[in-house]
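Novice: Got a sequence here, can you build the structure:
(chains A and B)
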Amino acid sequence: MIEKERHVLVVFPHPDDEAFGVSGTIASHLKMGTGVTYACLTLGEMGRNLGNPPFATRESLPQIRKKELQAAADAMGLKDLRMMGLRDKTVEFEDDEKMVDMMNALIEDVQPSLVITFYPDYCVHPDHEATARAVVRAVSRMDEASRPKLHCVAFANHTADELGEPDVINDVSEVQDLKLNTMRAHISQTAWMLEDLEKRLAEKDPDAIQWVSQERFFNYRYNQGYN
Amino acid sequence: MEPVNLKEVQNLIDRFAQKEVYIHLETTNGSYASHVDENFFNAGAFIRNAKVEYELGKIIGDVPSRVGLKLGNLGWIYAQGITHYELDDKGRLLMAGHDHQGKLAVSLQISETPFE
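Specialist: Take a look at the predicted model:
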């Protein structure tokens, strides 16, 4: 059972980061009437999938990704989508305190009771790590009493060894179709993966069913060095 | 994008010679390469909007081809693995190397105006 929130703020760096592990949770909150803001920091300008044969160029890709991101928001029913204007693969090179300021401004603006981002040190891509650090710093500097909950997505290979099992498992089976539609919206990035997933779902593969019907989060542990 | 045609790409490279141009040069394996295979040594490089003037530019070799630009100030710019090209609607020469799965591995682009 997903807890009712006042407002949910989701922060990720790339169009499609929300699709795989969080779009069901976003759709569930929206269905309960809870406002959700998704701040997407870049437009995935440096993506490598340009089709085979290529249907996009390095220069046309951002516009394609932007449209896909908007379509993904529509698929989830999300109204408050914010494109933050950073460039793919450069997030970690931005000024760290300016990144925290960006997160502070978002938190100040939407007053979330729950913030969702990646788990620093367990999210693989340098842009994910930089985004996660900025969000964690912004939240951890707030008074403990006024802090929103902070749910983090972790998928590095060493996650289970070091963090153990996820603290929060959301059953999103009721909005599974919306989740699949969100993934489909990012078709330039997900075509290959979806072909395989839909085949496995048709065969009732238990791992695939679990993957689309459950979303897993860790509560951030405030003794891990980012503040 | 179209598969490289050496003669056509050479003509386009010549068009931008001896002019102030902006360069985008990139090589990449993708940020997940070491996540998927921990033994993979992930290296890449990225330059965008470097302003240069080249006196001579060439595309050489069967596809995937090599492109070299000899700069008037003694510098060089070089990319290997170019498979596709396009003169886009803004008059920019976009050259790219796609790997066997179609993923971008290298990109060299030349423009008379800055890339956004």
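Novice: Tell me where the model's unsure across chain A.
Specialist: Low-confidence segments of chain A, defined by pLDDT under 70: A:227.
Novice: let's see it at 80
Specialist: With pLDDT under 80 as the threshold, chain A has low-confidence stretches at A:51-52, A:224-227.
Novice: Can you get me a residue count around the residue in it that chain B sits nearest to?
Specialist: Nearest residue of chain A to chain B, counting by Cβ to the nearest Cβ: residue A:52, 2.5 Å away. Placement of C-beta: from N, CA and C, glycine included. For residue A:52, the neighbour count with other Cβ atoms under 10 Å in any protein chain shown is 14.
Novice: what's near enough to touch it?
Specialist: Each residue near residue A:52 by Cβ atoms under 8 Å, 6 or more residues apart in numbering or on different chains is listed here: B:98, B:101, B:102.
Novice: As a quick check, tell me the outermost residue of chain B.
Specialist: residue B:38 (28.2 Å; Cα atoms, centre = their mean).
Novice: you'd agree that residue is up against residue A:157?
Specialist: Yes: taking contacts as Cβ atoms under 8 Å, residue B:38 lies within contact range of residue A:157: 7.4 Å.
Novice: can you list the residues of chain A near chain B?
Specialist: Contact residues, chain A versus chain B (Cβ under 8 Å from any Cβ of the partner chain): A:46-54, A:57-60, A:89, A:124-127, A:156-157.
Novice: Show the buried residues in these.
Specialist: Among the residues of chain A next to chain B, the ones that count as buried by 16 or more other Cβ atoms under 10 Å in any protein chain shown are A:46-50, A:54, A:57-60, A:89, A:124-125, A:127, A:156.
Novice: Name the SS class of the residue farthest from the centre of chain B, please.
Specialist: Here residue B:38 is coil, with the state taken from DSSP: H, G, I helix; E, B strand; the rest coil.
Novice: And it, how close does it get to chain A?
Specialist: Using Cβ to the nearest Cβ, to the nearest Å, residue B:38 is found at 7 Å from chain A.
Novice: State the pLDDT value of that residue.
Specialist: pLDDT recorded at residue B:38 is 82.
Novice: which stretches of chain B form strands?
Specialist: In chain B, the strands defined using DSSP state E lie at B:2-3, B:21-27, B:45-52, B:54-60, B:65-71, B:76-82, B:84-87, B:93-98, B:104-111.
Novice: Packing partners of the second one?
Specialist: Right, the one you point to is strand B:21-27. strand B:45-52, strand B:76-82, strand B:104-111 (3 or more Cβ pairs under 8 Å, 6 or more residues apart in numbering or on different chains; DSSP states H and E).
Novice: Return the most buried member of those.
Specialist: Scoring the helices and strands packed on strand B:21-27 by mean neighbour count under mean count of other Cβ atoms under 10 Å in any protein chain shown gives strand B:104-111 as the most buried, with a mean of 24.
Novice: Now do that strand against strand B:45-52, angle only.
Specialist: Interaxial angle, strand B:104-111 versus strand B:45-52 (axes from the mean of the first three to the mean of the last three Cα atoms, to 10 degrees): 10 degrees.
Novice: Give me the neighbour count for the spatially closest residue to residue B:112 that is not a sequence neighbour.
Specialist: Closest residue in space to residue B:112, ignoring its immediate chain neighbours: residue B:21 at 5.8 Å, by Cβ to Cβ, 6 or more residues apart in numbering or on different chains. Neighbouring residues of residue B:21 were enumerated by other Cβ under 10 Å; the total is 21.
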